[in-house]
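In: What follows is a predicted protein model with its sequence.
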Amino acid sequence: NFSQQIEVEIVNYKAKKQSKLERNYFFYFKPYFKIWSLRVRLANIIKLIRFLRARKRIKYSPKLEITDTFKTISYDLIIFGSDEIWNIKNPLFPNELLFFGANLNAKHRISYAPSFGVSKIPNNKINKIAKKLDRFKSISVRESNGADIVKALIEKNAEVVLDPTFLMSQSEWDEIVPNI
């Protein structure tokens, strides 16, 4: 059986800046924190607990930092996505070329539904990002604007695809993550 021959894991990387910003947003973001009712705050905590429980069901690589550690791990294929990992203006995804495949040892790179989150790449970033994107075997994005950016940067067509959270029905999600 082909599926038994594949070992899959999530590369367990999160920038320190990203972790800090998420923590601050969730617990301390002042403008919303003041107006959120206790009910909304409790609902967010429940969502976080459910999310953390669901994460335990997924196989992750050892936790990685931006060091030479990445160069010592080799993959046949890395799938990049989704969310706004290519949004160079989003503070939760710092402008690290890692999200474009820098310093990752992989035979093949493909993307599924990342978002650039911007309509144009700043001129001072074009060459670096284009060089990294050109190494992708296949690119898909979640919006037509992203496909336009890819075409402009590397003259390749990117397929516009659905956000992966919408690929399954509620009942399919309930089967995978029951009672969380």
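Out: Perfect, thanks for sending it.
In: who's in contact with residue 139?
Out: By C-beta atoms under 8 Å, 6 or more residues apart in numbering, residue 139 lies in contact with 110-111, 133, 150, 156, 158-159. Every residue, glycine included, has its C-beta placed from N, CA and C.
In: Quick check: nearest residue in space to it, chain neighbours excluded?
Out: residue 158 (4.3 Å; C-beta to C-beta, 6 or more residues apart in numbering).
In: before we move on, back to that, let's see which of the contacts of residue 139 end up in strands.
Out: 110-111, 159 (DSSP state E).
In: In TSV, list those along with pLDDT and neighbour count.
Out: As requested, the ones in strands among the contacts of residue 139 are exported to TSV (pLDDT from 0 to 100; neighbours: other C-beta atoms under 10 Å):
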residue	pLDDT	neighbour count
110	91	15
111	93	28
159	96	13
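In: and which of the residues you listed is nearest residue 85?
Out: The shortest gap between residue 85 and any of the ones in strands among the contacts of residue 139 belongs to residue 111, at 8.6 Å (C-beta to C-beta).
In: State the distance from the closest residue to residue 128 other than its chain neighbours to residue 57.
Out: In this structure, residue 128 finds its nearest non-sequential neighbour in residue 97, 6.3 Å apart by C-beta to C-beta, 6+ apart. Distance, residue 97 to residue 57, by C-beta to C-beta, to the nearest Å: 30 Å.
In: Looking at those two now, which is surrounded by more residues?
Out: Neighbour tally, residue 97 and residue 57, criterion other C-beta atoms under 10 Å: the higher count belongs to residue 97, 14 against 9.
In: now the end-to-end length of stretch 73-89.
Out: Start-to-end span of stretch 73-89 (C-alpha to C-alpha, to the nearest Å) is 29 Å.
In: Which positions within it qualify as buried?
Out: Using 16 or more other C-beta atoms under 10 Å as the test for burial, stretch 73-89 gives 75, 78-88.
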